[in-house]
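Trainee: model the following, please.
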Amino acid sequence: MEAYVSRINYGALSLLLSIGLFVAMVFLTLSGHRYGRRRIVVFGEATGQDVVAVEGAIFALLGLLIAFTFTTAYSRLDARRDLIVQEVNAIGTAYLRLGLLPIEDQPALRIGFREYVDSRIQMWRKLKDIPAALEEIARSVKLQNEIWSQAVKASEGNQAARMLLLPALNEMIDITTTRLSKIISHPPPLVYVTLFTLALLSAWLVGNSMAKSPVLSWPHVIGFAAMIAFAVYVILDTEFLRYGLVRLDTAYELLTEVRKSMN
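Mentor: Residues are numbered from 1 along each chain as shown. Modelled structure (predicted):
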């Protein structure tokens, strides 16, 4: 599991990358402006007319890439929210179907279910601390195996219980793997490298295109760099939940409600 789940503090990393992008864009805008001013001295113009179309294409590509990465990040956010609801429904259904088992076998399984839901809640709360979250995931898997073994044994000779309870348990167990896969699923790093590269190149082109004026318009420079950096931060924050401003705490309260219903 450790091979797939990084130990990086993504919240701090996202913030630092966004701040670094902002500073770099301001610097490159200034650099582009100085280059354009020197070109005016030498050639009498900052940018040839044939370059304007290239600049427009690069700005359009930057806008498309920001839209693409934001859309995919938000779609993954929606998918993770839906999987939480599916897990809650699966747990609730399986817990209700424990009533199909003999009375004497139900108490132990109900206790196991309570411990299991507690473990799933704790896993989410510990997600910022990756080693602790991994330990909680291992505990959840152990509890899954115990619940399954007890249910198989308790349903021997009870065909109705086996047909209804065991598939519900199987769904409850399978959804945890699907959820973990969605949590650790992100775009390839090359996508973000391309996004940052285009943002920096666009900043340089902005400075170059403003070279007709001997003095930069700093409100425009700061505004452009700030908005691009903020858009990148929102994308990163949406991708890496539990680390920044974008969270799924409201959806996760559903697990808490299911746990309360088990008391």
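
Trainee: how far out from the middle of the chain is the helix ranked longest in the chain?
Mentor: When the chain is parsed with DSSP state H, its longest helix is helix 49-96. Here helix 49-96 shows a centroid-to-chain-centroid distance of 9 Å under the convention C-alpha atoms, centre = their mean, to the nearest Å.

Trainee: what about residue 219, how many residues close to it?
Mentor: 8 (other C-beta atoms under 10 Å). C-beta: built from backbone N, CA, C; applies to glycine.

Trainee: show the pLDDT at residue 66.
Mentor: Confidence at residue 66, expressed as pLDDT, is 95.

Trainee: that one - nearest residue in space that isn't next to it in sequence?
Mentor: Nearest in space to residue 66, with sequence neighbours left out and distances taken as C-beta to C-beta, 6 or more residues apart in numbering, is residue 231 at 5.5 Å.

Trainee: and the one you found, what element?
Mentor: Assigned by DSSP states H and E, residue 231 falls within helix 218-239.

Trainee: does residue 225 really touch residue 30, like I thought?
Mentor: No: using C-beta atoms under 8 Å, residue 225 is not in contact with residue 30; the gap is 10.6 Å.

Trainee: between the two, who's got more neighbours?
Mentor: Set residue 225 next to residue 30 and count neighbours by other C-beta under 10 Å: residue 225 wins out with 23 against 16.

Trainee: can you tell me the closest non-neighbouring residue to the more buried one?
Mentor: Once flanking residues are discounted, residue 225 sits nearest to residue 25: 3.9 Å by C-beta to C-beta, 6+ apart.

Trainee: likewise residue 263?
Mentor: In space, residue 263 comes closest to residue 114 once its chain neighbours are excluded; the distance is 7.9 Å by C-beta to C-beta, 6+ apart.

Trainee: so what's the residue count around the one you found?
Mentor: By the criterion of other C-beta under 10 Å, residue 114 has 15 neighbours.

Trainee: isn't it up against residue 260?
Mentor: No: at 10.4 Å, residue 114 does not count as touching residue 260 under the criterion of C-beta under 8 Å.

Trainee: how far does the helix or strand hosting residue 107 sit from the chain's center?
Mentor: Element membership for residue 107, per DSSP H and E: helix 106-125. Taking C-alpha atoms, centre = their mean, the mean C-alpha location of helix 106-125 is offset from the chain mean by 25 Å.
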